[in-house]
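S.K.: Sequence isn't available, so here's the structure alone:
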């Protein structure tokens, strides 16, 4: 895999991790809303299980954030080290002259 293709794949993974982070945050918000609604309803099963679900989702979010930070930095460093901007310009020139 050439350097530019590798960088583009790394950027795609960063975007997917960002999407995963946003999805996880949305799930945490939904669980929180159900927990609030259940305050009025007082269903025992929901009272028992929702806090555990909330905690597992929060733990997953922490993991996702850590991976995203790591991989976004790795991607940026790879791009800087390999002068990806210049490679993109050269590819654009090559495509224009082909």
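M.R.: In hand now; what should we look at? What you see is a predicted model, and the numbers here were worked out from it, not measured in a lab. Numbers count the residues shown, from 1 in each chain.
S.K.: Helices along this protein, start to end?
M.R.: 3-41, 44-81, 84-97 (DSSP state H).
S.K.: Rebuild those as a markdown table, extending it with mean pLDDT and mean neighbour count.
M.R.: Heads up, the C-betas are built off the backbone N, CA and C, glycines and all. Listed next are these as a markdown table, based on pLDDT from 0 to 100; neighbours: other CB atoms under 10 Å:
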| stretch | mean pLDDT | mean neighbour count |
| --- | --- | --- |
| helix 3-41 | 97 | 13 |
| helix 44-81 | 97 | 13 |
| helix 84-97 | 87 | 11 |
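S.K.: okay, which residue is most central for this protein?
M.R.: residue 17 (2.1 Å; CA atoms, centre = their mean).
S.K.: contacting residues around it?
M.R.: Counting by CB atoms under 8 Å, 6 or more residues apart in numbering, residue 17 makes contact with 64, 67-68, 71-72.
S.K.: residues in contact with residue 20?
M.R.: residue 64.
S.K.: With residue 7 instead?
M.R.: 75, 78-79, 82, 84, 87.
S.K.: same thing but 7 Å
M.R.: 78-79, 82, 84 (CB atoms under 7 Å, 6 or more residues apart in numbering).
S.K.: And for residue 27?
M.R.: Residue 27 touches residue 57, counting by CB under 7 Å, 6+ apart.
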